[in-house]
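Participant: Have a look at this prediction, sequence included:
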Amino acid sequence: MSIAKVDIDRKLETELLKLFMRTRFLIVFEAGYTLKNINHAETEKGYHFWFWLKERLSDKELCDLQFLLGDDIKRCRFNYLREEAGVFGDFNALFSKKIKGGDKHDTRVCSWRR
Amino acid sequence: MSGERTELPSGAMVFTDADTGEEMLYFVRTYYRRHDAIPLRTPLPFLYLRDSTTKRFIKRLDAMEVRYFEEVSYSAEEAKKGNPLYVDAVTKTVLQCTYIRARVVEDEKRVWRVFVHDDVKDVEDVEDKLGHACESVVSRYFGHFVMSELLEDKGIEYGSELTVSEKASESKCHYVVVWKHHEAVEPKTEEGTEPL
């Protein structure tokens, strides 16, 4: 089993979100894989998606599939570099908490609930 | 539902599992005597993996992984001497949430239960330490210039799948650094452990 991780940097309306997930199913089907489950979580700028696949994919296949599923293009670019370096498994990350910039005190946390 | 850590009014914490999209729920349960509310035993920590939609528990976890990422990238135009570079660095450690039963034989009649590494509640401190360790590692390879001027992206994720074997969060973490000059033939990778 493999899990493809996709980062979408855009907020979607409810109907569009549903259509987006239905079309991802078609993409996975066309790519020849079996989709078992989709998890998603809303972030500050968009969504994180986890696509659970029945088959066990290689790093290259996972990179390709994440690209086809509409992953952030900058993330895709680096994922291909990481796949070349053989460290894709360590760096196929979806940040739970993103810290921007060089100042470690400049922390933007995606909507805390206390 | 936001994809990050959430602290609930009861003191429990919910982490989004970056490996699967499910949730990791951490809470501490205290048992009280009914008639006078005196605690019956030391509070027990629990860490459960649960479905993000139905909130049903999937399985109990003994530990979770915290990973701190830093990414540096600059193009040929931005780079000095026109030599583009990208750097990926991650430091990771494991936070345990288990208790073990240990027998301490004093008078051969007493059995003690002891707790080992209830570290999940200290996750903020651990994140800070991982951040410092990661900056230290990247600075060692590329100097402070890379960190202060060109740091593009950094973030934290929590994972239910353990990729490192170190158990004690207060002692050390595992790091991976990979760098590649875009024109170079092969990227380079270094791994190791760093004290926290």
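Facilitator: Noted; the coordinates are in hand. Residues are numbered from 1 along each chain as shown, chains lettered A, B, ... in the order given.
Participant: what about stretch B:11-19 and chain A, touching?
Facilitator: Yes - counting by C-beta under 8 Å from any C-beta of the partner chain, contacts between stretch B:11-19 and chain A involve B:15-16, B:18-19. The way it works is simple: take the backbone N, C-alpha and C, and place the C-beta from them, glycine included.
Participant: wait, does the host helix or strand of residue B:130 contact chain A?
Facilitator: Using DSSP states H and E, residue B:130 falls within helix B:123-142. Yes - applying C-beta under 8 Å from any C-beta, one finds helix B:123-142 touching chain A at B:131, B:135.
Participant: Please enumerate residues in contact with that helix?
Facilitator: Applying C-beta atoms under 8 Å, 6 or more residues apart in numbering or on different chains, the contact partners of helix B:123-142 are A:99, A:104, B:5, B:13, B:66-70, B:72, B:87, B:89-93, B:95, B:119, B:146-147, B:154, B:156, B:158, B:169, B:173, B:175, B:177, B:179, B:190, B:194-196.
Participant: residue ranges for the helices of chain A, please.
Facilitator: Counting by DSSP state H, chain A has these helices, from start to end: A:14-30, A:59-68, A:73-85, A:88-91.
Participant: Tabulate those helices (TSV), appending mean pLDDT, distance to residue B:33 and mean neighbour count.
Facilitator: Formatted as TSV, those follow (pLDDT from 0 to 100; distance: least, C-beta to C-beta, whole Å; neighbours: other C-beta atoms under 10 Å in any protein chain shown):
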stretch	mean pLDDT	distance to residue B:33	mean neighbour count
helix A:14-30	93	49	13
helix A:59-68	94	53	19
helix A:73-85	85	54	18
helix A:88-91	87	49	18
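Participant: Same list (these) but as JSON lines, adding distance to chain B.
Facilitator: Listed next are the helices of chain A as JSON lines, based on distance: least, C-beta to the nearest C-beta, whole Å:
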{"stretch": "helix A:14-30", "distance to chain B": "13"}
{"stretch": "helix A:59-68", "distance to chain B": "13"}
{"stretch": "helix A:73-85", "distance to chain B": "4"}
{"stretch": "helix A:88-91", "distance to chain B": "5"}
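Participant: just for chain B, where's the confidence low?
Facilitator: Low-confidence segments of chain B, defined by pLDDT under 70, span residues B:1-4, B:7-10, B:39-42, B:74-84, B:98-118, B:144-152, B:166-170, B:182-185.
Participant: in it, which spans are helices?
Facilitator: Going by DSSP H, chain B shows helices at B:123-142, B:144-150.
Participant: right, so those: which one is the most enclosed?
Facilitator: Sort the helices of chain B by mean neighbour count, taking mean count of other C-beta atoms under 10 Å in any protein chain shown, and helix B:123-142 sits at the top with a mean of 18.
Participant: Kindly export that one (C-alpha atoms) in CSV.
Facilitator: In CSV, the C-alpha atoms belonging to helix B:123-142 read as follows (Å, rounded to 0.1, in the frame of the first residue of the first chain):
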residue,chain,number,x,y,z
VAL,B,123,6.1,18.6,22.2
GLU,B,124,6.7,22.4,22.0
ASP,B,125,10.0,22.2,23.8
VAL,B,126,11.0,19.3,21.5
GLU,B,127,10.1,21.3,18.4
ASP,B,128,12.3,24.2,19.6
LYS,B,129,15.2,21.8,20.2
LEU,B,130,14.8,20.1,16.8
GLY,B,131,14.8,23.6,15.2
HIS,B,132,18.1,24.5,16.9
ALA,B,133,19.6,21.2,16.0
CYS,B,134,18.6,21.5,12.4
GLU,B,135,20.0,25.0,12.1
SER,B,136,23.2,23.8,13.7
VAL,B,137,23.6,20.9,11.2
VAL,B,138,22.9,23.1,8.1
SER,B,139,25.2,25.9,9.4
ARG,B,140,28.0,23.3,9.8
TYR,B,141,27.8,22.3,6.2
PHE,B,142,26.9,25.7,4.5
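Participant: show me what contacts residue A:87?
Facilitator: If you count contacts by C-beta under 8 Å, 6+ apart, then residue A:87 has B:88, B:176, B:178, B:189 around it.
Participant: I am assuming residue B:196 contacts residue B:122, so please confirm or correct that.
Facilitator: No - Residue B:196 is beyond contact range of residue B:122, at 11.3 Å (criterion: C-beta atoms under 8 Å).
Participant: Compare the two (neighbour count), which wins?
Facilitator: residue B:196 (19 against 14; other C-beta atoms under 10 Å in any protein chain shown).
Participant: Quick check: that one vs residue A:2, distance?
Facilitator: Applying C-beta to C-beta, to the nearest Å, the value for residue B:196 to residue A:2 is 32 Å.
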